[in-house]
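Colleague: dropping the sequence and predicted coords here.
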Amino acid sequence: MKYYSTNHSSPLATLQEAVVRGLAPDKGLYMPERIQPLPREFFDTIDRLPLADMACRVADAFFGEDVPQETLHDIVRDTLSFDIPLVRVSPGIWSLELFHGPTLAFKDVGARFMARLLGHFIRRQGAGQVNVLVATSGDTGSAVANGFLGVEGIRVYVLYPRGKVSEIQEKQFTTLGRNITAIEVDGTFDDCQALVKDAFMDADLQARLRLTSANSINVARFLPQAFYYFYAYAQWRRQTSQPAGAAPVVCVPSGNFGNITAGLFAARMGLPVRRFIAANNRNDVFYQYLRTALYQPRPSTPTIANAMDVGAPSNFARILDLYGDSHDAIAADISGATYTDQQIADTVRAVWQEHRYLLDPHGACGYRALSEGLRPGEEGIFLETAHPAKFKDTVERIVGQPVSIPAKLQAFMQGAKQSVEMSRDFASFKAYLMGQ
């Protein structure tokens, strides 16, 4: 399959070229030429398939023309070495727990898959080091760093905004060493993302270094996230005895919009979804777009749901492309919601008190948007994107009691922080990379 740029000014690329480049030469995001629908019989029996088997079927539709099936299935099974359970929280509302992977965040799926696919391409090419640049507002950095840790031929640079990620999140990517370098930027996530994008467009860097991105702008990062939408639906069918064709509402806490874009791809492949809800914190550029048909990026605002603190979501370009730039078509499939820190905190507290289910701040946006957006007779699934212990101090202040830290996170907390301090000036970042 070939991949085109959302800016439509670059030549078509192979999967390998799209993954290794990350961003198209015309600054657009790569999109597959087509989305392959899955056969009806797949959905008739989906509730009886294990996660890995189901994901292999989905991966075949995306990547089967470009990666040998045995290799692809090995990558999928190695990626999904943990469960992704669907848990009932309250009547008609289900949580897809995406925090059972190595770094306890949903991005483990995409990051682990991309690391393994990129490693496959590097081995096949037999050529020098690839340098992975990734900007993070929280969980992306830890998932990518741990997904790529020790992968031969790959050097990872994680750019993050100083003082704007939780201590636990920071420890997960600043304590690893080896082939992982953490760069602490004096700015916001949007500044970090701009540095990454500018690096891809710089001729000197492109001539000297092989650069790619592990943010959701990379097709190998966001497409595998479709796997767990199918698994959520299968579990919902199984647990509720819903007939084939029944469809839940799906609510996605949204920052850079790679996660919900993967869900939209799943729906185009035939996954029954009644509609999507994009849940925002105060960084509600997409919510305002739905209301006004005007997309107006702005500087991000710090919130307690920090992984969603994105003022210029990159994957909005993919959503526009998917819907032919039609605001009406987008608004027909996706509704929006936006919440203040106080509303997020109130939701965490209320759900804990009423249902004894502990949400993280991002999942709280999803739960609240779903509970307010469901219509009579509907059921819905929201994505619980990270373990609440990753936001321990915030969640403890809200619920008034200790939050236990899983062993996986405790291990990260023992390490010593190692980071490179950097201004948000591109010249400084370029000089640093050129010196490596």
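Modeller: Cool, the structure landed.
Colleague: residue 272 - nearest residue in space that isn't next to it in sequence?
Modeller: The shortest distance from residue 272 to any non-neighbouring residue, by Cβ to Cβ, 6 or more residues apart in numbering, is to residue 247 (3.8 Å). Backbone N, C-alpha and C define where each C-beta goes, glycine included.
Colleague: just confirm that neighbour is within a strand.
Modeller: No - counting by DSSP: H, G, I helix; E, B strand; the rest coil, residue 247 falls outside a strand, being coil.
Colleague: on the three-state scheme, the nearest residue to residue 205 once chain neighbours are set aside is what?
Modeller: Closest residue to residue 205 in three dimensions, ignoring its sequence neighbours and counting by Cβ to Cβ, 6+ apart: residue 199, at 5.4 Å. Under three-state DSSP, residue 199 falls in the helix class.
Colleague: and the pLDDT at residue 199?
Modeller: Note on residue 199: pLDDT of 94.
Colleague: now do the contacts for it.
Modeller: 133, 205, 211, 426, 429-430, 433 (Cβ atoms under 8 Å, 6 or more residues apart in numbering).
Colleague: returning to that earlier point: distance of the residue nearest to residue 272 relative to residue 239?
Modeller: For residue 247, the distance to residue 239 (Cβ to Cβ, to the nearest Å) stands at 15 Å.
Colleague: next one: residue 298
Modeller: Plainly put, residue 298 is 41 Å away from residue 239 if you go by Cβ to Cβ.
Colleague: ditto for residue 14
Modeller: Relative to residue 239, residue 14 is positioned 40 Å away (Cβ to Cβ).
Colleague: for residue 276, same thing?
Modeller: Taking Cβ to Cβ, one finds residue 276 at 21 Å from residue 239.
Colleague: of these two, who's got more company?
Modeller: Taking neighbours as other Cβ atoms under 10 Å, residue 276 and residue 239 compare with residue 276 leading, 19 against 13.
Colleague: spell out the secondary structure type for that one.
Modeller: Residue 276 ends up strand, using three-state DSSP.
Colleague: OK, contacts around the residue nearest to it when sequence neighbours are not counted?
Modeller: Among residues not flanking residue 276 along the chain, residue 334 sits closest, at 4.6 Å (Cβ to Cβ, 6+ apart). For residue 334, the contacting residues are 260, 264, 275-278, 290, by Cβ under 8 Å, 6+ apart.
Colleague: my guess is residue 96 meets residue 232, correct?
Modeller: Yes - shown here, residue 96 and residue 232 form a contact pair, counting by Cβ atoms under 8 Å, at 4.5 Å.
Colleague: point out where the stretch 101-250 of the chain drops to low pLDDT.
Modeller: Within the stretch 101-250 of the chain, the segments meeting pLDDT under 70 span 126-127.
Colleague: need the strands for it, in chain order.
Modeller: Listed in chain order, the strands of the stretch 101-250 of the chain (DSSP state E, counting those that start in this stretch) span 130-135, 154-161, 180-185, 211-213, 249-253.
Colleague: could you dump those strands into JSON lines with distance to residue 115 and mean neighbour count added?
Modeller: As requested, the strands of the stretch 101-250 of the chain are exported to JSON lines (distance: least, Cβ to Cβ, whole Å; neighbours: other Cβ atoms under 10 Å):
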{"stretch": "strand 130-135", "distance to residue 115": "9", "mean neighbour count": "26"}
{"stretch": "strand 154-161", "distance to residue 115": "7", "mean neighbour count": "25"}
{"stretch": "strand 180-185", "distance to residue 115": "12", "mean neighbour count": "22"}
{"stretch": "strand 211-213", "distance to residue 115": "11", "mean neighbour count": "23"}
{"stretch": "strand 249-253", "distance to residue 115": "23", "mean neighbour count": "29"}
